[in-house]
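Novice: Sequence plus the predicted model coming up.
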Amino acid sequence: MLLLATSSGLARGSEVGAIAGFAVGMMYDLVLSTPLGLGAVVFALVGYIAGSTNAFVHEPTWWTRMLLAGVASGLGMLFMPVALTIVGREGVMSGHIFVVVVVVGVTNAAAAVPAERLCRWVLSESSKAGI
Amino acid sequence: MGGLTRRRVIAILALTSILLITMDLHHSSSVSGIRRLFGAVFSPVEGATRVLTTPINNIWHGVTDYGDVSQENKRLKDLIARQEGATIANIAGVREAQELLALNGLPTLAGIDSCTGQVVGQSPSNFSQTVEINRGRRCGIRVGMPVLNAAGLIGKVTESLDDRAVVMLITDPAYSLSVKIVNKPPPVVTVPVTVSGTTDTTTTTTTTTTTTIAPKNTISGFTPGVTVATVPNTSQIDSSPDDTFVGDIRPGQGNASQITVPPGANLPLRETGALEGRGLSRTPIVRFIENQPRFGAVYIGSPIVSSGGATSLAPPDIVVGTVSRIISRSGTLGPLLEVRVAANLESLNFVRVLLYQPTTERPGAP
């Protein structure tokens, strides 16, 4: 889910990344028991960060995209427990978060290139259709 | 212009999120309705995805875990063989205990209907410990109902759809439950006894004499509607073995050698506390145990069961686990107890939802 938000940002910029992240995060909240809208705002932030940092990179290559996807996903995994703590959920801030950050960051970095191509294709089809 | 549009989009997304979070935290019925609708719509997609991904998952586990599974299978077969005898004895004991509770008008698990379901999904989140089962509202499952497997309590229902329910495990940081810790009785102490003006030290042996007032008895060891006085009998070492009595002081003997012990002093002691989950890979803890001298030191391995009560999330005497570690704290805080959960939460399959809805979870509850 986080990879989709990140890849959308990398493929089509910060605005599209934020909207895609919001939609993906909303689905995440609807399936899970997290407060509705919390995952949406975190994923939207991640999509926005991925899109805006990619815009600063001069001639982005495959490995810069992987790096950005990994960093943005890791940040998302840090933002999520912070957001949960802000809305009153206890016990989510622990040392285990850093393990999660590393695992999610590395996994998403590894899958970033095909995911970004997929998102580029999906979002370009959507824009042609006028959505 | 583009920057302005982008800012507007970001602002709209942020405001929408804040609005939704606020509504959800105030338990808005429209948010619950949206969740239910999404669950119903998404359920076929979820089922189809599961059908597609389960073989891949099984292949992966078959390749990586075959050796471990084979060894575990042998170990479990041995374990089953050892436990079969004990199970039969335990079933008889449990049935007898439930009859006793029912005869005394006390709540028992036997009187609560249940719905058995299978775990069909784990939590996709890193920050909550939940599982999904394939039974829901159609089976009578409602939010708040306790869920257990063959070993003991595993959690409570946090979301119930038509044919699906989400169960929060007892390791989730948001889970809390009132529990009892069953401790061993305090050790027998040496009691000084004064006879004829001289002081002697005699070891007191504690035997139990059960006096049943009415002879009518249908259940072994129990007479309904009659007070059962369980009085520890103190007898001196040099006295005859049948020198036991219950009641007042024996005529002709000085009262210096008689010790008044309240009935039930040799029963297992119980103390209540609050069990709280602590998240993934950390054992739950029990807080708020009062440091009562009569309760004595808590022993590692002492069983922990649900305490029940009108506001409790679970009926009484559901096995939760055992004390695995005791963390002493100064002052009147009482110790913290780490709990070894009886159920293996990493390999849940069939679970039973007790159709017991606590008052706090009923619609319209304060």
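Specialist: Done, it's in.

Novice: I'd like to check which residues are in contact with the closest residue to A:L84 other than its chain neighbours.
Specialist: In this structure, A:L84 finds its nearest non-sequential neighbour in A:V92, 4.8 Å apart by Cβ to Cβ, 6 or more residues apart in numbering or on different chains. (Each C-beta comes from the backbone N, C-alpha and C, glycine too.) If you count contacts by Cβ atoms under 8 Å, 6 or more residues apart in numbering or on different chains, A:V92 has them with A:P81, A:L84, A:T85, B:F127, B:P173, B:G279.

Novice: Identify the residue spatially nearest to the residue in chain A that chain B sits nearest to, adjacent ones excluded.
Specialist: In chain A, the residue that lies nearest chain B is A:G91 (2.5 Å; Cβ to the nearest Cβ). Once flanking residues are discounted, A:G91 sits nearest to B:P173: 2.5 Å by Cβ to Cβ, 6+ apart.

Novice: Please look at the one you found and B:P284 and confirm they touch.
Specialist: No: in this structure, B:P173 is not within contact of B:P284 by Cβ atoms under 8 Å, at 9.7 Å.

Novice: And the two? Which one has more around it.
Specialist: Shown here are B:P173 and B:P284; by other Cβ atoms under 10 Å in any protein chain shown, B:P284 has more neighbours (26 against 23).

Novice: that older thread, which of the contacts of A:V92 fall in helices?
Specialist: Among these, the members falling in helices (DSSP state H) are A:P81, A:L84, A:T85.

Novice: need the contact list for the last one.
Specialist: Translated: A:T85. Going by Cβ under 8 Å, 6+ apart, A:T85 touches A:V92, A:M93.

Novice: ok, now how distant is it from B:R278?
Specialist: Counting by Cβ to Cβ, to the nearest Å, the gap from A:T85 to B:R278 is 15 Å.

Novice: likewise the second one?
Specialist: Here the distance between A:L84 and B:R278 works out to 15 Å (Cβ to Cβ).

Novice: Format the contacts of A:V92 as a markdown table; extra columns: distance to A:S7.
Specialist: Listed next are the contacts of A:V92 as a markdown table, based on distance: Cβ to Cβ, whole Å:
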| residue | distance to A:S7 |
| --- | --- |
| A:P81 | 23 |
| A:L84 | 24 |
| A:T85 | 27 |
| B:F127 | 22 |
| B:P173 | 31 |
| B:G279 | 29 |
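
Novice: So for these, which is the shakiest by pLDDT?
Specialist: The weakest per-residue confidence within these falls on B:F127 (75).

Novice: Quick one: classify B:V182 as helix, strand or coil.
Specialist: strand (DSSP: H, G, I helix; E, B strand; the rest coil).

Novice: how deep is it tucked in, by neighbour count?
Specialist: 17.

Novice: Also B:G309?
Specialist: 15.

Novice: now do B:V45
Specialist: B:V45, neighbours per other Cβ under 10 Å, totals 9.

Novice: Please identify the residue of chain B positioned nearest to chain A.
Specialist: B:P173 (2.5 Å).

Novice: need the contact list for that residue.
Specialist: Contacts of B:P173 by Cβ under 8 Å, 6+ apart are A:R89, A:E90, A:G91, A:V92, B:E276, B:G277, B:R278, B:G279.

Novice: Which helix or which strand is home to residue 19?
Specialist: Looking at chain A here, since you left the chain open. Assigned by DSSP states H and E, A:I19 falls within helix A:2-31.

Novice: could you do chain B instead?
Specialist: helix B:2-25.

Novice: avg pLDDT for that helix?
Specialist: Averaging pLDDT residue by residue across helix B:2-25 gives 80.

Novice: What are the buried residues along that helix?
Specialist: Of all the residues in helix B:2-25, those buried under the rule 16 or more other Cβ atoms under 10 Å in any protein chain shown are B:R6, B:V9, B:I10, B:L13, B:A14, B:T16, B:S17, B:L20, B:I21, B:M23, B:D24.

Novice: Of the contacts of A:V92, which pair is most distant in space?
Specialist: Farthest-apart pair in the contacts of A:V92 is A:T85 and B:G279; separation 12.4 Å (Cβ to Cβ).

Novice: between the helix or strand of chain A with the lowest mean pLDDT and helix A:2-31, how many degrees?
Specialist: Across the helices and strands of chain A, mean pLDDT, DSSP states H and E gives its lowest value to helix A:112-128, namely a mean of 77. Interaxial angle of helix A:112-128 relative to helix A:2-31 (axes from the mean of the first three to the mean of the last three Cα atoms, to 10 degrees): 70 degrees.

Novice: Contacts for helix A:112-128 next, please.
Specialist: Against helix A:112-128 from outside (Cβ under 8 Å, 6+ apart): A:3-4, A:6-8, A:10-12, A:16, A:20, A:62, A:65-66, A:68-70, A:108.

Novice: can you tell me which of those residues are up against chain B?
Specialist: Near chain B, judged by Cβ under 8 Å from any Cβ of the partner chain, there are no entries from those.

Novice: Tell me the buried residues within the residues you listed.
Specialist: A:3-4, A:6-8, A:10-12, A:16, A:20, A:65-66, A:68-70, A:108.

Novice: Pull up the gap between the residue lying closest to A:A23 once chain neighbours are set aside and A:A83, please.
Specialist: Leaving aside its sequence neighbours, A:A23 sits nearest to A:A40 (Cβ to Cβ, 6+ apart; 7.8 Å). Look at A:A40 and A:A83: by Cβ to Cβ, they are 10 Å apart.

Novice: Ok, B:A102 next?
Specialist: 49 Å.

Novice: Give me the more crowded residue out of those two.
Specialist: Under the neighbour definition other Cβ under 10 Å, B:A102 and A:A83 were set side by side, and A:A83 has more, 22 against 13.

Novice: Hmm, that one is touching A:A44, no?
Specialist: No: under the criterion of Cβ under 8 Å, A:A83 makes no contact with A:A44, lying 11.5 Å away.

Novice: which stretches of the stretch 101-250 of chain B have low pLDDT?
Specialist: Filtered on pLDDT under 70, the stretch 101-250 of chain B yields the residue ranges B:105-111, B:124, B:184-250.

Novice: what residues does the stretch 51-200 of chain B put near chain A?
Specialist: Going by Cβ under 8 Å from any Cβ, the residues of the stretch 51-200 of chain B near chain A are B:123-128, B:130, B:158-159, B:166, B:168, B:173-174.

Novice: Pull the most distant pair out of the residues you listed.
Specialist: B:N126 and B:E159 (18.7 Å).

Novice: can you list the domains in chain B?
Specialist: B:18-85, B:114-184+B:268-366, B:191-257 (automatic domain parsing).

Novice: Alright, calling it a day.
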